[in-house]
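J.: Curious how this folds, go ahead:
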Amino acid sequence: MAKSAQAGNGFSVSFTDREVTAWGGLALLKQMLDSLGFRQAVESWDLPAPGSNRGYDPVQLIEQFIVSIWCGGCRFAHAETVRMDNALTRLFGWPKAAGHKAILRLFARFDMLGNERVQAEAYGWLFSQIKHLQRVTLDVDSTVITRHGDQEGAVRGYNPGRRGRASHHPLLAFVAEARLVANFWLRPGNTHSANNILQFLESTLHHLGDKVVGLLRADSGFFDEAVFSLLEGKRTPYIIAARLTQALQRQLYQANSWWALAPGLELTEFSYRASGWSTPRRLIVIRQSVKRREAPGKTLSLFADDPDIQGWRYSALVTSLELPMVEVWRSYRGRADCENRIKELKADFGLDAFNLRDFWATEAALGFAMLAYNLMSLFRQAVLRSRVQHTLSTLHGLVLAIGGSWHPDAKQNRLLLSVPRRKRAWFSGLWEYA
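T.: Model (predicted):
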């Protein structure tokens with residue numbers, strides 16, 4: 001032990017070589033990973049080999065990256081927190097923790113085909129672990145990620161939050177029932193929402209393996225004949241928000257037979273065939289009075305001079321379902337949860353922070369950030385079994401940020417956790433599910 005340093009208020013500070021960690025609760029996650037056969041799975045994913053014989057095992061680098069995210073890291077440099085934690089290094093069985101630049105070099109070795117292959121293997125493995133869920137609801141969405149600096153693919157495009165700033169515009173798919181990411185594709189910032197959506201959907205269905213998509217939901221960015229035709233060809237039910245084009249506004253203006261669900265909330269439906277469509281499709285229209293608090297939808301700009309029309313905000317859904325109008329509307333409203341997932345990915349999993357100069361390196365890093373999120377989501381559901389889906393930052397205080405140290409006798413290989421007595425029975429019970 002080094003010489004003590006005198007501090008105020010009558011106490012001193014000194015140093016110890018004992019292996020201590022602030023993240024003892026990660027032992028639960030380590031046990032869960034072992035029970036899933038995570039390391040063996042990653043070893044089979046054909047990750048890019050290190051550049052030299054002295055390079056770090058790519059499996060270890062992926063584990064380190066994921067663990068650093070679980071510890072709150074939202075920048076590559078934050079991986080140094082894990083590097084300096086000898087207790088965590090011992091817990092995960094790494095011979096020696098790598099610096100964050102070794103992780104960057106690993107991602108730099110990915111290309112388009114490498115990303116596609118490895119992510120397909122990762123998602124395939126993940127969904128093969130979920131035996132109880134065979135029929136799923138798939139939510140597809142896109143988001144804007146503002147970029148700073150000179151990153152490949154970061155260009156000016158639709159960016160409502162930071163107009164004129166360079167951005168990426170990725171596509172994401174979520175399994176609603178399990179709150180899992182089912183696919184992630186990075187795209188340049190000037191890409192339209194529905195661009196590459198057909199290939200993306202095919203890739204997502206492949207990731208799900210034997211899971212059946214009972215319903216696909218998407219916003220108006222995917223209001224496209226090609227999307228409808230693909231889903232109808234696969235007999236995949238869908239609800240997709242309609243764009244209020246001028247032609248559709250004219251038909252909405254003539255709509256009648258409104259059914260009042262509540263004061264200021266009315267629905268109707270009709271068969272609609274837009275220009276270029278191969279067949280008419282069912283359209284359900286919802287209008288809400290502007291007097292209703294936070295009424296969603298848009299006013300009909302073509303009829304701005306009609307006071308009766310402008311007293312309402314309109315939204316429309318195209319669907320292949322034969323359910324009653326109100327049930328279709330309520331089913332679609334559940335899609336709002338994917339917006340919460342995107343916010344969580346940005347706040348806690350570095351969706352808007354992990355970026356490199358090379359486009360495919362950035363996509364590789366974000367692909368493994370999605371894996372970190374999915375594994376944490378499995379932990380919340382399978383181990384914690386809480387009705388409340390706590391955010392990662394909340395889980396830090398609840399179960400992850402627990403002081404721990406290894407027993408002085410190395411032969412015992414025992415991690416001692418600093419858990420208050422009143423909480424020990426609950427914490428010990430979690431081991432049954434990890």
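
J.: Every contact and neighbour count from this point should use C-alpha atoms.
T.: OK.

J.: Enumerate every residue touching the residue nearest to G153 when sequence neighbours are not counted.
T.: Closest residue in space to G153, ignoring its immediate chain neighbours: P188 at 4.4 Å, by C-alpha to C-alpha, 6 or more residues apart in numbering. With contacts defined as C-alpha atoms under 8 Å, 6 or more residues apart in numbering, P188 is in contact with G153, A154, V155, S167, H168, H169, P170.

J.: mind running it again at 6 Å?
T.: G153, A154, H168, H169 (C-alpha atoms under 6 Å, 6 or more residues apart in numbering).

J.: Got phi/psi on it?
T.: Reported as degrees, to the nearest 10, the phi and psi values for P188 are phi -60, psi 160.

J.: Residues in a beta bridge with it, which ones?
T.: H168 (DSSP bridges).

J.: Flag every buried residue along stretch 28-35.
T.: L28, L29, K30, M32, L33 (16 or more other C-alpha atoms under 10 Å).

J.: what's it in contact with?
T.: So stretch 28-35 is contacted by A434 (C-alpha under 6 Å, 6+ apart).

J.: what comes into contact with the strand or helix carrying K423?
T.: Per DSSP states H and E, K423 falls inside helix 421-430. With C-alpha under 6 Å, 6+ apart as the test, helix 421-430 has no contacts from any other residue.

J.: With only the CA atoms kept, save that helix in CSV.
T.: Extracted as CSV, the C-alpha positions of helix 421-430 are listed here (Å, rounded to 0.1, in the frame of the first residue of the first chain):
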residue,chain,number,x,y,z
ARG,A,421,-28.5,-6.6,3.9
ARG,A,422,-32.1,-5.7,3.2
LYS,A,423,-31.5,-6.2,-0.5
ARG,A,424,-29.4,-9.4,-0.5
ALA,A,425,-32.3,-11.8,-0.6
TRP,A,426,-33.7,-10.1,-3.7
PHE,A,427,-30.3,-9.9,-5.4
SER,A,428,-29.5,-13.5,-4.7
GLY,A,429,-32.9,-14.5,-6.2
LEU,A,430,-31.8,-13.0,-9.5
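
J.: for the stretch 151-300 of the chain, what spans make up the strands?
T.: 155-156, 166-168, 171-175, 180-185, 212-218, 238-241, 259-262, 265-272, 281-289 (DSSP state E, counting those that start in this stretch).

J.: what's stretch 211-220 in contact with?
T.: 134-140, 237-243.

J.: same thing with stretch 71-81?
T.: S68, H100, G350, F354.

J.: what about the spatially closest residue to the third one that is not a sequence neighbour, which SS state?
T.: I take that to be G350. Using C-alpha to C-alpha, 6+ apart and skipping residues adjacent in sequence, the residue nearest G350 is C74, 4.6 Å away. Under the three-state scheme (DSSP: H, G, I helix; E, B strand; the rest coil), C74 adopts coil.

J.: Quick one, grab the pLDDT at C74.
T.: Per-residue pLDDT puts C74 at 89.

J.: Count the residues that sit near it.
T.: 21 (other C-alpha atoms under 10 Å).

J.: and what of the one 10 residues further on?
T.: For M84, the count of nearby residues is 14 (other C-alpha under 10 Å).

J.: likewise the one 10 residues further on?
T.: Burial of W94, expressed as a neighbour count using other C-alpha under 10 Å, amounts to 18.

J.: Without its sequence neighbours, what residue ends up closest to it?
T.: That would be Q60: by C-alpha to C-alpha, 6+ apart, it lies 6.7 Å from W94.

J.: Angles on the backbone of that neighbour, please.
T.: Torsion angles, degrees, to the nearest 10, at Q60: phi -60, psi -40.

J.: ok, back up a step: taking the buried residues of stretch 28-35 one by one, which sit in helices?
T.: L28, L29, K30, M32, L33 (DSSP state H).

J.: Make CSV out of those residues and add pLDDT and distance to V383.
T.: Listed next are these as CSV, based on pLDDT from 0 to 100; distance: C-alpha to C-alpha, whole Å:
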residue, pLDDT, distance to V383
L28, 95, 8
L29, 96, 9
K30, 96, 12
M32, 96, 8
L33, 97, 12
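
J.: Quickly check those residues for the two that are furthest apart.
T.: Spanning the widest gap among these are L28 and L33, at 8.7 Å by C-alpha to C-alpha.

J.: what separates S331 from L265, distance-wise?
T.: 17 Å (C-alpha to C-alpha, to the nearest Å).

J.: who's more crowded, the two?
T.: Comparing S331 with L265 by other C-alpha under 10 Å, the one with more neighbours is L265, at 17 against 14.

J.: Measure how buried the nearest residue to the more buried one once chain neighbours are set aside is and give me the count.
T.: The shortest distance from L265 to any non-neighbouring residue, by C-alpha to C-alpha, 6+ apart, is to Q288 (4.6 Å). Residues near Q288, counting by other C-alpha under 10 Å, number 25.

J.: any idea how far stretch 67-86 is from the chain center?
T.: How far stretch 67-86 lies from its chain's middle: 20 Å, per C-alpha atoms, centre = their mean, to the nearest Å.

J.: Quick one: end-to-end distance for it.
T.: 13 Å.

J.: Show me which positions of it end up buried.
T.: 67-76, 78-80, 82-83, 85-86.

J.: now do stretch 405-416
T.: S405, W406, L415.

J.: Closest one to R282 out of those residues, please.
T.: L415 (60.1 Å).

J.: residues in contact with the closest one?
T.: S405, W406.

J.: Identify the bridge partners of it.
T.: Applying DSSP bridges, one finds that L415 bridges with W406.

J.: What's the local residue count around G297?
T.: 17.

J.: Good, we can wrap up now.
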